[in-house]
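Peer 1: make a model of this:
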Amino acid sequence: MIDLNCHILPGLDDGPDTMEKSLEMAKAAVDQGIETVVAAPRFQPSIYENNRERILSHCRELNDELFQQGIDLKILPGHEVKIHGELVDDIKSGTIIPVNETSNYVFIVFSNKEIPHYAKQVLYDMHISGYLPVIVHPEQNQILKKEPDLLYQLVKNGAITQISAASLMNKHGRSTQKFALQLIEHNLAHVIASNAYDHRKKGFFLPQAYEKVKKVYGSEVMYQFMENAHVILNNEMVYADPPERIKSKKKLGIFPSS
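Peer 2: So this is what the prediction gives:
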């Protein structure tokens, strides 16, 4: 099993602050059947400036320690990037690490309480520059819950979305779980990842989330989510049915419809 987005590197953001705690997370991941994780520390200008060299170095150190400890888990590098105006320039300069370092997929995150007015333009600029945005845990965003057509527009224009296993398991509240399920029903979700920060309260929940998808939508949908994780690591095109609109609760008009 692949976990595409995990905060497992020690001392880089809100994840583990020591190597020992990273190893505890690694053991928990293996116990749940996870074989590969993408370590994706946050990147946000002036707040989380986890630079490329530091992340790659931490990945090497953690992989070495896992090998020495006999823990069968592979760590790959990435970044979880807060959307900002210079995002494409930062990718091109090598400041931002795409998923698995060499792919064209890049994790993009919004604040849970807003969608910046320039979001549509930045994601468009990514596309024309050859990069593929993966919007992280959109089900937790309060604006998208109120006006899901904003997410529909982004997905229709080529964005991929990654919902969190914890959301599907009701760790972020009923409304978030309900919205995550709606995203699956309307072809607005493409991959599931843990976004884990520790091995307990903010843990992985990935096998449970896949089981939830299987129970509600069937084995075929579950296996498609799992396959899409492999596809992204291999820098291939994600399988996606045409997105469908979710009825909006309230029109906010952050950017024009298309």
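
Peer 1: got any ranges where the protein has weak pLDDT?
Peer 2: Applying pLDDT under 70 to the chain picks out residues 46, 48, 248-258.

Peer 1: how much space between the residue lying closest to residue 2 once chain neighbours are set aside and residue 160?
Peer 2: Computed as C-beta to C-beta, 6 or more residues apart in numbering, the closest residue to residue 2 that is not its neighbour in sequence is residue 229, at 4.1 Å. All C-beta atoms are positioned from the backbone trio N, CA, C, and that covers glycine. In this view, residue 229 and residue 160 are 11 Å apart by C-beta to C-beta, to the nearest Å.

Peer 1: ok, which stretches of the protein are strands?
Peer 2: Taking DSSP state E as the criterion, the chain carries its strands at 2-6, 36-39, 42-44, 48-49, 74-77, 80-82, 105-109, 132-136, 160-164, 191-193.

Peer 1: residue 56: which of those is closest?
Peer 2: Closest to residue 56 of these is strand 74-77 (C-beta to C-beta; 5.7 Å).

Peer 1: which strands or helices does the closest one pack on?
Peer 2: Contacts defined by 3 or more C-beta pairs under 8 Å, 6 or more residues apart in numbering; DSSP states H and E place strand 74-77 against strand 36-39, helix 52-69.

Peer 1: now do the helices in the stretch 101-250 of the chain.
Peer 2: Per DSSP state H, counting those that start in this stretch, the stretch 101-250 of the chain carries helices over the ranges 119-128, 142-146, 149-156, 165-168, 174-185, 206-217, 219-233.

Peer 1: how big is the angle separating the third one from helix 119-128?
Peer 2: This points to helix 149-156. Helix 149-156 runs at 10 degrees relative to helix 119-128, counting by axes from the mean of the first three to the mean of the last three C-alpha atoms, to 10 degrees.

Peer 1: so which bits of helix 149-156 are buried?
Peer 2: 149-155 (16 or more other C-beta atoms under 10 Å).

Peer 1: redo the residues you listed as a markdown table? Include distance to residue 119.
Peer 2: Shown next, in a markdown table, are the buried residues of helix 149-156 (distance: C-beta to C-beta, whole Å):
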| residue | distance to residue 119 |
| --- | --- |
| 149 | 14 |
| 150 | 8 |
| 151 | 10 |
| 152 | 14 |
| 153 | 10 |
| 154 | 7 |
| 155 | 13 |
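
Peer 1: so which of these comes closest to residue 49?
Peer 2: Minimum distance to residue 49 across these is 25.9 Å, recorded for residue 154 (C-beta to C-beta).

Peer 1: pretty sure the closest one contacts residue 121?
Peer 2: No. Residue 154 is beyond contact range of residue 121, at 11.3 Å (criterion: C-beta atoms under 8 Å).

Peer 1: could you report the distance from residue 18 to residue 57?
Peer 2: The value you get for residue 18 to residue 57, if C-beta to C-beta is used, is 16 Å.

Peer 1: so between the two, which is more surrounded?
Peer 2: Neighbour totals were compared for residue 18 and residue 57, and residue 57 leads with 13 against 10 (other C-beta atoms under 10 Å).

Peer 1: extract the CA atoms of stretch 76-95 and return them as PDB.
Peer 2: Only the C-alpha atoms of stretch 76-95 are listed here, as PDB (Å, rounded to 0.1, in the frame of the first residue of the first chain):
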ATOM      1  CA  LEU A  76      10.100   9.300  -0.900                       C
ATOM      2  CA  PRO A  77      10.400  13.100  -0.900                       C
ATOM      3  CA  GLY A  78       7.800  15.800  -1.700                       C
ATOM      4  CA  HIS A  79       6.300  19.100  -0.600                       C
ATOM      5  CA  GLU A  80       2.900  20.100   0.500                       C
ATOM      6  CA  VAL A  81       2.700  23.700  -0.800                       C
ATOM      7  CA  LYS A  82       0.500  26.500   0.400                       C
ATOM      8  CA  ILE A  83      -0.800  28.100  -2.800                       C
ATOM      9  CA  HIS A  84       0.900  31.400  -3.500                       C
ATOM     10  CA  GLY A  85       1.500  33.700  -6.500                       C
ATOM     11  CA  GLU A  86       5.100  32.600  -7.200                       C
ATOM     12  CA  LEU A  87       4.400  28.900  -7.000                       C
ATOM     13  CA  VAL A  88       5.300  28.000 -10.600                       C
ATOM     14  CA  ASP A  89       8.600  29.900 -10.400                       C
ATOM     15  CA  ASP A  90       9.400  28.100  -7.200                       C
ATOM     16  CA  ILE A  91       8.800  24.700  -8.900                       C
ATOM     17  CA  LYS A  92      10.900  25.700 -11.900                       C
ATOM     18  CA  SER A  93      13.700  26.900  -9.600                       C
ATOM     19  CA  GLY A  94      13.800  23.600  -7.700                       C
ATOM     20  CA  THR A  95      12.700  25.200  -4.500                       C
END
